[in-house]
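Q: I would like the atomic coordinates for the input below:
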Amino acid sequence: MTQRWFELLAEDHTTIEKVFAAMEQAFATSDAPPASLVADVVQFLSNYVERCHNKKEEEHLFPLLRARGIPVGGGPLAVMLAEHERQKTLVERTRDRGLAYAGGDAAALAAFRATFSEYAALCKDHYWKENDILFPMALHVMEARDEEAVLQGIRAVETSLGEDARERYYALAEKIAQAGEIRDLSYGLDREVLAYMLNTLPVELSFVDADDAVRYFSHENHAKIFPRNRSAIGVKVQNCHPPKSVHLVNRILADFKAGKRDVAEFWIDFQGKFVHIRYFPVRDAAGKYLGCMEVVQDVESIRALEGERRLLVEGRA
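A: Below is the predicted model of the structure:
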């Protein structure tokens, strides 16, 4: 599915923040981060963030929003433009000091760290403003033809950096993240808290590993749409389904393992419930298949929704 313009820009934000996190992790764990890591970070910030990401907005999104009536002299657009100018100044200082350190000037590290930290803080604050305020505002004022115009502008800016610029710089960001040993956000969560979070979700989860063995299911001590107990753990998932459906299970898993499918979904009437059942392949950052996640939900109440509810209802509901 083709991504919309704001999804592409928001994905940039997420990728850039991973680079920030990698450098911050390196500062936290070493008095002298690897010069190669600093050089890669400087390259990414100077070339992709400043010369590509910001240009997409400055040359194609912001002018269109101005033409659709969002003022430049005040409000969110004015703030975004002012912060872009501040970013230009800081990224230049970050680049110069980072390259000096990467070139062997150990005394430049303190200055690089200070300017990098200021730049990263500014950008992270900037990105949530765009994601949560500016982009929704833009969607409200944009006309139907505007989306394609912004998408074409995004492609043009990326092409100006060479063939497959987005893929190349995203790969560089991943290299930086791995060098900085950036862990998933769940890493810092207490295991018990994570377990309660999974059991609080309004869906029932099951996980089957890469060898088709059941390894986890949520809501163990709660009523479930499809009851199961701990004896299922370690059992091949094919043995957990009626014989007449095993061929379908095998087909789904084979498609997931081969990268031919990203979801399989079904919906059935079951014991007075309208049950939505979805299966998703779980893959690591490199695309390696790790297993299959089953997500089960009674969506009867969701199907019955009408109109809108924008106010908080009293009580536990």
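Q: List the buried residues for stretch 247-262?
A: Val249, Ile252, Leu253, Phe256, Arg261 (16 or more other C-beta atoms under 10 Å). Placement of C-beta: from N, CA and C, glycine included.
Q: Double-check that the second one belongs to a helix.
A: Yes: the assignment for Ile252, made by DSSP: H, G, I helix; E, B strand; the rest coil, places it in a helix.
Q: give the contact list for it.
A: Residues counted as contacts of Ile252 (C-beta atoms under 8 Å, 6 or more residues apart in numbering) are Arg261, Ala264, Tyr279, Cys292.
Q: Which ones among these lie within helices?
A: With DSSP state H as the criterion, helices contain none of the contacts of Ile252.
Q: okay, among those residues, which ones form the most distant pair?
A: Using C-beta to C-beta, the two most remote members of the contacts of Ile252 are Arg261 and Cys292, lying 10.6 Å apart.
Q: now the helix or strand harbouring His84: how far from the chain's centre is it?
A: His84 is part of helix 76-102, with elements assigned from DSSP states H and E. Relative to its chain's centre, helix 76-102 lies at 24 Å (C-alpha atoms, centre = their mean, to the nearest Å).
Q: in the stretch 101-250 of the chain, which spans are helices?
A: Using DSSP state H, counting those that start in this stretch, the helices of the stretch 101-250 of the chain run over 109-129, 135-141, 144-160, 165-179, 191-200, 246-258.
Q: quick one: which of those helices is nearest Glu58?
A: So among the helices of the stretch 101-250 of the chain, helix 144-160 is nearest, using C-beta to C-beta, at 9.4 Å.
Q: quick one, that closest one and helix 165-179 angle?
A: 70 degrees (axes from the mean of the first three to the mean of the last three C-alpha atoms, to 10 degrees).
Q: element containing the most centrally placed residue in the chain, please.
A: For the chain, Thr14 is the residue whose C-alpha lies nearest the centre (C-alpha atoms, centre = their mean; 5.7 Å). Assessed by DSSP H and E, Thr14 sits inside helix 5-29.
Q: Could you do Ser301 as well?
A: Per DSSP H and E: helix 300-303 holds Ser301.
Q: Contact partners for the residue nearest to the centre of the chain?
A: So Thr14 contacts nothing (C-beta under 8 Å, 6+ apart).
Q: For Asp146, see how far away it is.
A: 24 Å (C-beta to C-beta, to the nearest Å).
Q: next one: Val282
A: Distance, Val282 to Asp146, using C-beta to C-beta: 37 Å.
Q: Looking at these two, which is more packed in?
A: A direct count of neighbours by other C-beta atoms under 10 Å for Val282 and Asp146 places Asp146 higher, at 19 against 15.
Q: Need the phi and psi values for the nearest residue to the more buried one once chain neighbours are set aside.
A: Nearest non-adjacent residue to Asp146, counting by C-beta to C-beta, 6 or more residues apart in numbering: Leu64, 5.8 Å away. With angles defined as degrees, to the nearest 10, Leu64 sits at phi -70, psi -40.
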